[in-house]
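Colleague: let me see the structure of the following:
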Amino acid sequence: MVSSTDRQWQKWGAQNPYFGIVGIETKEFETRWRERFFETGKVHMDLVFDQLKRYDALPEGRTKALDFGCGAGRLLLQLADRFDAIVGVDVSQDQLALAKQNVTGNAPRLLTSLDQLSGEAGTFDFVNTFVVLQHIRPEQGYQIIDKLLKLLRPGGSFAIHFTVGDTRDLRRRLNWARYRIPPLHWAYNLSRRRPFSEPIMEMNKYDLSRVGMIFMQNDVGRFGTKLFNHTANTGMLTFGRKEPGIDVLPQNMAGDSN
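Modeller: Numbering: from 1, shown residues only. Next up is the predicted model:
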């Protein structure tokens, strides 16, 4: 079932895909921003693998990797030289068409839903999502995190980004109403001198305790994090590795009587 935020991102892909990804007008992208856009993808993915190494959480294999919310392929491109096979998932067919154009050589498999990978649980060496979950309402996002972790094989690694707080309480309350009452969003667009029917780009925060429980249920006994300030929202880019059998409880709670 397509969610309300999925529909908004399908509209972004059709109307103004690069603005939806990184705030760059699509009509200006090719002439001014293409090179810089992909440079930032390299900088980010180099950071991810540096952090995985720092936390002793590099993937044990390099066979298959996935980028969820891959958009036009900025980060997917950076996985092409690191893994034998790459998969990109994005709800927008228009974004996937751009990814197909931008990621050449190690051609990715491009899908519109994680459900299309339901038969591949436990087969991925690395899963990634960055600046995506914040635009998805948490009840759907928690399910996505769980599905991503279930795709990992033992020894597989992840880099998962989500937001946990917004310092602007009044703005958060106003946005809650704007996301649900279309005329408020139309007025907001006009106040910013944007097309009145431009899609919504929601910002949502996640409950860290819920995310932590999902990690534990999927054999993530340890992980590291890097904090991001994303337009007054506190973001967490988390890194870890799936390690079945790891003892996630303190010793005095593990039932050891010695």
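Colleague: did I read that right, residue 2 in a strand?
Modeller: No - counting by DSSP: H, G, I helix; E, B strand; the rest coil, residue 2 is not found in a strand; it is coil.
Colleague: backbone torsions only: list them for it.
Modeller: Backbone torsions of residue 2, given as degrees, to the nearest 10, read phi -80, psi 130.
Colleague: hmm, it is touching residue 91, no?
Modeller: Yes - counting by C-beta atoms under 8 Å, residue 91 is a contact partner of residue 2 at 7.5 Å. For the C-beta atoms, the positions are set from N, CA and C on the backbone; glycine is no exception.
Colleague: the two: which has the busier surroundings?
Modeller: residue 91 (22 against 11; other C-beta atoms under 10 Å).
Colleague: what helix or strand is the closest residue to that one other than its chain neighbours on?
Modeller: Spatially, and ignoring its direct neighbours in sequence, residue 91 is nearest to residue 6 (4.6 Å; C-beta to C-beta, 6 or more residues apart in numbering). Using DSSP states H and E, residue 6 sits in helix 4-15.
Colleague: got the CA coordinates for that helix in PDB?
Modeller: Listed next in PDB are the C-alpha coordinates belonging to helix 4-15 (Å, rounded to 0.1, in the frame of the first residue of the first chain):
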ATOM      1  CA  SER A   4       0.900   9.600   1.900                       C
ATOM      2  CA  THR A   5       4.600  10.400   2.000                       C
ATOM      3  CA  ASP A   6       5.300   7.800  -0.800                       C
ATOM      4  CA  ARG A   7       2.800   9.700  -3.000                       C
ATOM      5  CA  GLN A   8       4.600  13.000  -2.200                       C
ATOM      6  CA  TRP A   9       7.900  11.600  -3.300                       C
ATOM      7  CA  GLN A  10       6.400  10.200  -6.400                       C
ATOM      8  CA  LYS A  11       5.300  13.700  -7.200                       C
ATOM      9  CA  TRP A  12       8.800  15.100  -6.400                       C
ATOM     10  CA  GLY A  13      10.300  12.600  -8.800                       C
ATOM     11  CA  ALA A  14       7.900  13.600 -11.600                       C
ATOM     12  CA  GLN A  15       8.000  17.400 -11.100                       C
END
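Colleague: now do the helices in this protein.
Modeller: 4-15, 17-22, 26-28, 34-54, 76-79, 93-102, 138-151, 169-180, 182-191, 208-217 (DSSP state H).
Colleague: average pLDDT across the last one?
Modeller: What that stands for is helix 208-217. The average pLDDT within helix 208-217 is 94.
Colleague: tell me which other helices or strands that helix touches.
Modeller: helix 138-151, strand 233-241 (3 or more C-beta pairs under 8 Å, 6 or more residues apart in numbering; DSSP states H and E).
Colleague: so which of the ones you listed gets nearest residue 192?
Modeller: strand 233-241 (18.1 Å; C-beta to C-beta).
Colleague: buried residues, the closest one. List them.
Modeller: 233, 235-241 (16 or more other C-beta atoms under 10 Å).
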